[in-house]
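J.: Sequence first, then the predicted structure, then my questions.
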Amino acid sequence: WRSNIDQFGNTLVRASYPCPPKYRFTPELTGNPTWLKAVHNLESVAFRINKEVLEWASDSKINRKLVPSDVDVKTKKEFAEIEPQKKQIEKLKREKYDKDNKKDPRHQFTKSEEELWLNYWATKNRLTATKNRIKTRRAQFERDLQTAKDLAEDGRPFYHRVSVDYRGRVYLPTFSYQGSDFCRAVIEFADSGLMTKDAIGQVARHAVNIEDKEKLSHKEKIKVGIDRGIEFAEIGISPDKHFKRIKEAGKPFCFYRTCIEWRDIFAHRLIGLRASKDSDDKKILAQLKIPQKIIKWAEGHYKTLDLVTVKKKTHKGSGFYSAKDNKMLHSHLPIAADHRSSAFVHIGFMLNTEEGHDMVNKAMEEDLYQSIADRCTNLPPKHSRSIVKMVMVPWSYGGTGWRCKDKVSEWRLENAGKIPFLDAMSWSDLGNMVDTILGVLDSEFKASGQFRSALGRAVNKAKDRDDKEDWEGIEWTTASKFVVHQATFKTKKKVNDVA
């Protein structure tokens with residue numbers, strides 16, 4: 001990037017919508033600040049499509065189970081239950097509904113008619129919203145699937161274009177490794193990394209994370225993932241046989257992608273153990289008691305693996321497991337780092353108060369999302385942690401109650417059918433749920449309140465300066481040297497404006 005708008009019309013730093021063009025602050029790209037380096041680094045990473053995942057996900061029998069195109073049987077039954085009421089509602093609308101009375105259009109209704117009307121529309125709107133969310137999610141999946149097919153057919157590595165909002169927050173395209181579950185599964189690095197012992201441990205942690213069955217510490221995830229390695233490999237070998245487990249995972253497409261990685265790790269490790277002369281390796285092989293049928297499969301699959309000869313004993317500080325002829329496996333799989341409640345650790349360190357240090361210690365020792373979820377007894381136990389996390393993340397960085405509700409609503413739209421408890425909620429019910437969670441958060445995390453107060457004081461100090469005009473707004477520089485320029489404008493209401 002040499003200017004904020006490139007030769008193709010792409011914009012790097014976007015103004016806050018709906019700021020009028022004449023008031024937009026355009027940054028000057030001078031020097032090479034940290035945030036711009038980060039943008040260039042992100043845009044320099046080459047990706048490719050995993051064709052095995054693409055082929056599996058393209059099967060309509062599979063993808064329609066993971067990303068349905070219509071509502072489930074229960075929702076269809078609810079639609080059918082209110083259908084008989086439709087004629088009564090239409091009659092009320094024709095004969096008694098007073099659309100000219102803006103304050104009370106239902107003033108002619110009897111009490112029973114009022115109850116019928118309100119119940120019908122509350123149910124109809126909720127069911128229609130659920131249906132629309134499911135269809136929107138399916139439409140997005142089909143667009144992403146076609147994009148993946150086009151890129152796979154092209155065959156060349158591709159790159160993600162980055163944009164930044166006025167606060168310095170980085171965004172990637174919809175079809176990216178930060179996109180949907182399908183996008184994260186089908187997109188992988190064009191370059192690869194050697195599978196050291198540490199790397200395999202991180203793949204183990206990643207598998208446990210995305211299956212999302214239990215809440216464990218970082219070390220526990222690695223241990224449990226390693227212990228379940230053969231299970232994961234079996235899923236990768238026979239996905240149809242284990243489809244129920246794939247479907248029930250937190251991120252089904254990503255879970256399948258990680259299981260085929262484990263399939264490769266298992267085949268490579270088994271052949272390495274059989275070729276090794278080390279006594280410990282021989283004991284491990286004896287304990288595994290691998291059937292001859294599986295050994296024969298591993299020998300065949302091993303020949304398909306992308307291997308590289310490595311003569312050194314370590315790579316980036318980590319050793320390797322025994323491998324036949326020193327041929328090591330390497331991987332293209334992107335995995336997420338484990339940042340446990342990083343927002344709260346960040347805030348705690350910035351405050352540098354007793355409450356801040358307490359919050360840091362609590363975040364390092366506990367699963368904060370789960371501890372808050374345990375306090376929210378009105379949430380379904382299976383999904384309580386996920387729901388609380390949707391609220392806690394924007395709240396911890398100063399998001400308003402409205403913003404937290406909006407984030408939950410966005411998640412619901414993008415993951416229709418995933419948490420039925422959320423799908424069944426009206427907007428007001430969703431708002432009440434978020435308010436309840438926020439009440440628990442305000443009582444539990446005093447440090448976040450201090451952080452918000454500190455931000456408020458800093459903003460007010462800038463606004464109170466008498467050497468600046470109000471319309472100039474306020475400006476501050478982030479740790480990455482990104483200059484944030486923010487101003488608030490009031491608009492005059494137009495007379496006789498037509499919406």
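T.: Right, received. Where do you want to start? Owing to the predicted nature of the structure, the values given are computational and were not obtained by experimental measurement. Residues are numbered from 1 along each chain as shown.

J.: Report the spatially closest residue to residue 341, excluding sequence-adjacent ones.
T.: Counting by Cβ to Cβ, 6 or more residues apart in numbering, residue 363 is the residue found nearest to residue 341 once chain neighbours are left out, at 4.1 Å. (Glycine included, C-beta is placed from N, CA and C.)

J.: Quick check: buried residues in the host helix or strand of that neighbour?
T.: In this structure, residue 363 sits in helix 354-365 according to DSSP states H and E. By 16 or more other Cβ atoms under 10 Å, the buried positions in helix 354-365 come out as 355-356, 359-360, 362-363.

J.: Pipe those residues into TSV and attach pLDDT and distance to residue 51 per row.
T.: Formatted as TSV, the buried residues of helix 354-365 follow (pLDDT from 0 to 100; distance: Cβ to Cβ, whole Å):
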residue	pLDDT	distance to residue 51
355	82	52
356	83	48
359	81	46
360	84	44
362	81	45
363	79	40
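
J.: give me the low-pLDDT residue ranges for this protein?
T.: 338-340, 397, 470-471, 490-499 (pLDDT under 70).

J.: Quick check: longest helix in it by residues?
T.: Among the elements of the chain assigned as helix by DSSP state H, the one spanning the most residues is helix 111-154.

J.: Strand partners (parallel or antiparallel) of whichever helix or strand comes after that helix?
T.: Next helix or strand after helix 111-154 toward the C-terminus (DSSP H and E): strand 163-165. Partners of strand 163-165 in the sheet, by DSSP bridges, are strand 13-14 (parallel), strand 170-171 (antiparallel).

J.: contacts for strand 163-165?
T.: For strand 163-165, the surrounding residues in contact (Cβ atoms under 8 Å, 6 or more residues apart in numbering) are 10-14, 16, 35, 39, 170-171, 482.

J.: How far off centre is the longest helix of the chain?
T.: Chain-centre distance of helix 111-154: 19 Å, with Cα atoms, centre = their mean, to the nearest Å.

J.: Can you spell out which helices and strands pack onto that helix?
T.: For helix 111-154, the elements it packs on are strand 47-49, helix 51-58, helix 73-82, helix 86-95, helix 181-186, helix 401-414, judged by 3 or more Cβ pairs under 8 Å, 6 or more residues apart in numbering; DSSP states H and E.

J.: Highest mean neighbour count out of these?
T.: The highest mean neighbour count among the helices and strands packed on helix 111-154, using mean count of other Cβ atoms under 10 Å, belongs to helix 181-186: a mean of 25.

J.: Tell me which other helices or strands it touches.
T.: On a contact count with 3+ Cβ pairs under 8 Å, 6+ apart, helix 181-186 meets helix 51-58, helix 111-154, helix 252-275.

J.: Export only the CA atoms of the following helix or strand past the last one, formatted as CSV.
T.: Counting by DSSP H and E, the element after helix 252-275 in chain order, helix or strand, is helix 279-288. Once side chains and other backbone atoms are set aside, the C-alpha atoms of helix 279-288 remain, and they are given as CSV (Å, rounded to 0.1, in the frame of the first residue of the first chain):
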residue,chain,number,x,y,z
SER,A,279,13.8,-50.1,22.5
ASP,A,280,11.3,-47.5,23.7
ASP,A,281,9.7,-47.4,20.3
LYS,A,282,9.4,-51.2,20.2
LYS,A,283,7.6,-51.1,23.6
ILE,A,284,5.2,-48.4,22.3
LEU,A,285,4.5,-50.5,19.2
ALA,A,286,3.8,-53.6,21.3
GLN,A,287,1.5,-51.7,23.6
LEU,A,288,-0.6,-50.3,20.7
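
J.: helix or strand right after helix 279-288?
T.: Downstream of helix 279-288, the next assigned helix or strand under DSSP H and E is helix 292-302.

J.: Counting by contacts, list what that following helix packs against.
T.: Under the contact criterion of 3+ Cβ pairs under 8 Å, 6+ apart, helix 292-302 touches helix 252-275.

J.: Distance from the helix it packs on to the middle of the chain?
T.: Remark: helix 252-275 is offset 25 Å from the chain centroid, using Cα atoms, centre = their mean.

J.: Likewise for stretch 214-227?
T.: How far stretch 214-227 lies from its chain's middle: 20 Å, per Cα atoms, centre = their mean.

J.: Could you do stretch 391-398 as well?
T.: Taking Cα atoms, centre = their mean, one finds stretch 391-398 lying 15 Å from the centre of the chain it belongs to.

J.: Between the two ends of stretch 374-390, what distance do you get?
T.: Stretch 374-390 stretches 15 Å from its first residue to its last (Cα to Cα, to the nearest Å).

J.: Please list the residues outside that stretch that contact it.
T.: Under the criterion Cβ under 8 Å, 6+ apart, residues 215, 367, 369-370, 372-373, 404, 407-408, 411, 419, 421-422, 433, 436-437, 440, 444 lie in contact with stretch 374-390.

J.: which among those residues end up buried?
T.: The neighbour count (16+ other Cβ under 10 Å) marks 367, 369, 372-373, 404, 407-408, 411, 419, 422, 433, 436-437, 440 as buried among those.

J.: closest one to residue 207 among the helices and strands packed on helix 111-154?
T.: Minimum separation from residue 207 across those (Cβ to Cβ) falls at helix 181-186, 12.6 Å.

J.: Stretch 418-428: end-to-end distance?
T.: Stretch 418-428 end-to-end distance (Cα to Cα) = 20 Å.

J.: Much appreciated, bye for now.
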